[in-house]
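A.B. asks: got a sequence here, can you build the structure:
(one chain, ligands or ions: 1)
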Amino acid sequence: MIKVVILGSGNVGRHLFKAFKNNSEIEITQWYSRNIKDIHPYSNFVEITDQLDKLVLADIYILAVSDDSIHDLSNQLSFSNRFVCHTSGSKSKNELNQKNRAGVFYPLQTFTKEIEVDFSKIPICLESSNSEDMITLKKISKTLGCSYYETDSNQREKLHLAAVFVNNFTNHMYTIAKDITDKSKIDFNILKPLISETVNKIYKLDPKEAQTGPAIRGDNKTINKHLASLENEKHKELYKLITDLINDLDHEKL
Ligand SMILES: NC(=O)c1ccc[n+]([C@@H]2O[C@H](COP(=O)([O-])OP(=O)(O)OC[C@H]3O[C@@H](n4cnc5c(N)ncnc54)[C@H](OP(=O)(O)O)[C@@H]3O)[C@@H](O)[C@H]2O)c1
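C.D. replies: Numbering: from 1, shown residues only. Predicted structure coming up:
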């Protein structure tokens with residue numbers, strides 16, 4: 001049985017709690033939140049606290065807190081030589097105070113409190129300072145049914161950068177598209193099969209090979225019509241920039 005203390009009650013903290021709670025190989029010995037009201041509804045299932053000096057002994061302490069608070073929170077831990085991890089894609093392992101054994105348990109997925117996730121489909125990027133702690137991280141990943149990868153802080157930072165493009169920026173494209181359809185009184189749902197197919201294609205093709213549309217075809221009249229139709233100046237700039245980038249790709253092929 002692996003004894004875990006979760007720190008943080010945001011998106012990731014809550015999803016970790018749910019995933020660990022029903023796992024027979026993991027015991028959540030405590031859940032810390034600076035805002036105890038947030039986790040009070042779970043007090044029948046787990047010991048809760050908002051006091052850092054009351055943290056109990058565990059095999060691993062998982063800091064699922066905002067990137068900017070990882071360093072300070074790890075400084076505030078009153079114990080030393082225990083195994084403390086964060087869950088961030090962009091922060092180095094060394095962000096954690098070195099009085100404890102530092103590690104990373106970064107689930108490469110997007111988490112929102114209200115949206116269920118299937119942990120067994122999430123790849124986890126792992127990092128530790130020694131092989132014994134890596135065994136603990138692997139055991140946790142395995143028992144959740146996750147695939148896992150040993151990545152160093154530089155690789156994880158690059159992965160996080162790539163993730164911003166595939167997730168955050170792509171999602172913002174949906175926001176722009178919805179703004180366009182809303183303004184023309186068109187139901188955004190009509191675009192959903194196209195969104196699904198765009199995603200499905202990258203399971204079969206390299207993204208470069210999957211590219212279609214006016215930019216790759218060099219349909220300049222259509223491109224100019226789109227530009228004229230965009231009202232927002234930043235959206236025009238974005239359209240031009242991405243069209244240029246797609247064009248550059250086409251020239252790279254020659
Ligand atoms: N969400 C994702 O999709 C995702 C995916 C992979 C990894 N991550 C990583 O997971 C970590 C948590 O992300 P999240 O989305 O769960 O964030 P979140 O929903 O904003 O939750 C952050 C948590 O940190 C707590 N916190 C902030 N500052 C604190 C401090 N100084 N002391 C103690 N607690 C503090 C917050 O408490 P209050 O509620 O009181 O403010 C909250 O419980 C981040 O490192 C993030 O990069 C996130």
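
A.B. asks: only C-alpha atoms from now on, for both contacts and neighbour counts.
C.D. replies: Will do.

A.B. asks: show the average pLDDT along stretch 230-250.
C.D. replies: In this model, stretch 230-250 has a mean pLDDT of 93.

A.B. asks: my error: substitute stretch 80-100 in the last question.
C.D. replies: The predicted model gives stretch 80-100 an average pLDDT of 96.

A.B. asks: run through who's touching it.
C.D. replies: 59-65, 67, 70-71, 74-75, 79, 101-108, 127-128, 133, 153-154, 156-157, 159-161 (Cα atoms under 8 Å, 6 or more residues apart in numbering).

A.B. asks: what's the end-to-end length of it?
C.D. replies: Looking at stretch 80-100, the gap from its leading to its trailing residue is 5 Å under the measure Cα to Cα, to the nearest Å.

A.B. asks: next, the buried residues of it.
C.D. replies: The neighbour-count criterion (16 or more other Cα atoms under 10 Å) identifies 82-93, 95-97, 99-100 as the buried residues of stretch 80-100.

A.B. asks: coming back round to it: the contacts of stretch 80-100 in strands, which ones?
C.D. replies: Of the contacts of stretch 80-100, the ones assigned to strands by DSSP state E are 60-63, 101-107, 127-128.

A.B. asks: redo those as TSV? Include neighbour count.
C.D. replies: Putting the ones in strands among the contacts of stretch 80-100 into TSV (neighbours: other Cα atoms under 10 Å) gives the following:
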residue	neighbour count
Ile60	22
Tyr61	25
Ile62	21
Leu63	27
Arg101	19
Ala102	26
Gly103	27
Val104	31
Phe105	27
Tyr106	25
Pro107	22
Glu127	26
Ser128	23
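
A.B. asks: can you put these in a markdown table and add distance to Asp219?
C.D. replies: Putting the ones in strands among the contacts of stretch 80-100 into a markdown table (distance: Cα to Cα, whole Å) gives the following:
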| residue | distance to Asp219 |
| --- | --- |
| Ile60 | 56 |
| Tyr61 | 55 |
| Ile62 | 52 |
| Leu63 | 50 |
| Arg101 | 57 |
| Ala102 | 53 |
| Gly103 | 50 |
| Val104 | 47 |
| Phe105 | 46 |
| Tyr106 | 42 |
| Pro107 | 41 |
| Glu127 | 47 |
| Ser128 | 51 |
